[in-house]
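# please find the sequence and the predicted model below.
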Amino acid sequence: MEGIKEVWVNLPGKRYPILCGRGLLARAGQISLERQWIRSGRKVFIITDTHVGPLYAGPLAKSMENAGFSPVIHTVEAGEGSKDFDGMKPVFSRMIREGITREDKVLALGGGVAGDFAGFIAHIYMRGIGFLQFPTSLLAQVDSSVGGKVAVNLDEGKNLIGGFCHPDGVISDMDTLHTLPSRQIADGMAEVIKYALIGDRDLFARLAGSDSAELMSQMDDIVVRCCEMKRDVVERDEKDTGDRMILNFGHTFGHIIEKSLTYGFFTHGEAIAVGMYRMALAGEKLAITRPGTAESIRSILIQHGLPWKLTPEQEEKVEQNFQKTLRIDKKGGQEDMTIIMLKSAGHCFRMKITHKEVEKLWQSGR
Ligand SMILES: NC(=O)c1ccc[n+]([C@@H]2O[C@H](COP(=O)([O-])OP(=O)(O)OC[C@H]3O[C@@H](n4cnc5c(N)ncnc54)[C@H](O)[C@@H]3O)[C@@H](O)[C@H]2O)c1
Ligand SMILES: [Zn+2]
């Protein structure tokens, strides 16, 4: 299709495309009809949030209507607070009232919060109905809309209740990024930098050699490259029992930073930015990571408005909470855990170490 880039996800029993390009929301109805994602004349239940809905739910609903579908828009409060168990009940009630059946589709329109929430709703409503993803944040386009993880939060922790459930298709409209606040762009860039570090030297060089305006104009290429990388990892390890862990580079430290400083102080991307730099520095001190890698990460982080270190007060808070938060991180397992270490920019590997050793690594990257 003209102007649209496609990344295909191939899994046992499910094959679907991620479409990436400009002006795609306005064409979404036609695309859904042509690709037979939605049966002709059916209802579409659009789940969005209070920031994204006023901007994009109207055009998406119109495009669906023009293709002969009947749209219903359901808007939840923007922010992580909406992605919880209690928030699902009113959505299910509305779906029942609107007569949504398993012949119909859920459309997730928004960032990772809308995507995870709407995806989980689709996963369990009437034992599962189909859904499409329309990611509108950079983080959702390169990360959360790819890989089939859907979830909601509990008071005890994030993403603790969820499932693996892939959409029938993903439509990433690059034009939606124009309204994304700059802090959220930087947040997504942290994940882009992560992809470059774990597996693509050329992408890392491209990120280092271009300013933000240049990168924005090439963003469809960059999103496609990140989706391909995540797709490759997910195809090798769909249920996250091995290889998929490499996507966690910078995240072990990042999660501890997020939790120790209470959620919301740093965005997720800002916390993993600090985590990635710190892990590279620790790797260099152990002569595992090529010298100079941490410095090149630091300059890219600065270039994209991301932090790379903590203040002394923040350091103290993280140290105090380190072991406690490490243990409640659900990916932490028992005494041993797997962390992702860099050999150099573009090459990473998995390493099994104890919780105590993780803390030593953190301290050595100081
Ligand atoms: N499923 C997965 O594999 C996976 C992976 C990574 C993250 N996640 C989840 O993703 C969530 C974070 O995603 P996020 O950063 O996109 O958060 P988000 O959905 O809260 O979006 C961030 C903010 O940007 C706004 N926004 C989104 N798109 C916009 C646009 N085009 N214009 C203007 N404003 C816009 C949102 O309303 C929100 O205020 C977390 O809940 C996290 O757990 C899931
Ligand atoms: Zn992340």
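The structure has been received and is ready for your questions. Residues are numbered from 1 along each chain as shown. Ligands and ions are numbered 1, 2, ... in the order given.
# so who does residue 308 touch?
Shown in contact with residue 308 (CB atoms under 8 Å, 6 or more residues apart in numbering): 273-274, 277, 297-298, 301-302. Just so you know, the C-beta spots here come from the backbone N, C-alpha and C atoms, and that holds for glycine as well.
# roughly how far does it sit from ligand 1?
Counting by CB to the nearest ligand atom, to the nearest Å, the gap from residue 308 to ligand 1 is 20 Å.
# helix, strand or coil for that residue?
Put simply, residue 308 is coil when judged by DSSP: H, G, I helix; E, B strand; the rest coil.
# before we move on, what about residue 171?
Here residue 171 is strand, with the state taken from three-state DSSP.
# burial measure for it, as a count.
For residue 171, the neighbour count with other CB atoms under 10 Å is 26.
# and residue 35, by the same measure?
When neighbours are counted by other CB under 10 Å, residue 35 comes out with 15.
# so it sits against residue 132, correct?
No: counting by CB atoms under 8 Å, residue 35 stays clear of residue 132, with 9.9 Å between them.
# who touches both of those two?
residue 169.
# other SSEs contacting the lowest-mean-pLDDT helix or strand in the chain?
Least confident helix or strand, the chain: helix 212-217 with a mean of 86, by mean pLDDT, DSSP states H and E. Helix 212-217 sits against no helix or strand, with contacts defined as 3 or more CB pairs under 8 Å, 6 or more residues apart in numbering; DSSP states H and E.
# what residues does the following helix or strand past that helix touch?
Sequence order places helix 219-236 as the next helix or strand after helix 212-217, per DSSP states H and E. Contacts with helix 219-236, where a contact means CB under 8 Å, 6+ apart, come from 5, 7-11, 18, 20-22, 138, 141-143, 146-148, 172, 174, 177, 191-192, 195, 198-200, 203, 206, 215, 242-244, 246-247.
# could you pick out which of those are near ligand 1?
143, 147 (CB under 6 Å from any ligand atom).
# could you export the contacts of residue 308 as a markdown table, including neighbour count?
As requested, the contacts of residue 308 are exported to a markdown table (neighbours: other CB atoms under 10 Å):
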| residue | neighbour count |
| --- | --- |
| 273 | 33 |
| 274 | 25 |
| 277 | 24 |
| 297 | 28 |
| 298 | 18 |
| 301 | 22 |
| 302 | 12 |
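# and the residues you listed as JSON lines, adding distance to ligand 1 and pLDDT?
What follows is these, written out as JSON lines (distance: CB to the nearest ligand atom, whole Å; pLDDT from 0 to 100):
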{"residue": "273", "distance to ligand 1": "14", "pLDDT": "98"}
{"residue": "274", "distance to ligand 1": "17", "pLDDT": "98"}
{"residue": "277", "distance to ligand 1": "20", "pLDDT": "98"}
{"residue": "297", "distance to ligand 1": "20", "pLDDT": "97"}
{"residue": "298", "distance to ligand 1": "23", "pLDDT": "97"}
{"residue": "301", "distance to ligand 1": "17", "pLDDT": "96"}
{"residue": "302", "distance to ligand 1": "21", "pLDDT": "95"}
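# quick check: the farthest pair among those?
By the measure CB to CB, 274 and 302 form the most distant pair in the contacts of residue 308, at 12.3 Å.
# for PyMOL, what selects the buried ones among the contacts of helix 219-236?
The PyMOL selection below is limited to those of the contacts of helix 219-236 classed as buried (16 or more other CB atoms under 10 Å):
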select buried, resi 5+7+9+18+20+21+138+141+142+143+146+147+148+172+174+177+191+192+195+198+199+200+203+206+215+244+246+247
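# just checking, which of the contacts of helix 219-236 belong to strands?
5, 7-11, 18, 20-21, 172 (DSSP state E).
# I'd like these laid out as CSV, including pLDDT and distance to residue 118.
Listed next are the ones in strands among the contacts of helix 219-236 as CSV, based on pLDDT from 0 to 100; distance: CB to CB, whole Å:
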residue, pLDDT, distance to residue 118
5, 97, 24
7, 98, 21
8, 98, 22
9, 97, 18
10, 97, 24
11, 95, 20
18, 98, 17
20, 98, 20
21, 97, 22
172, 98, 16
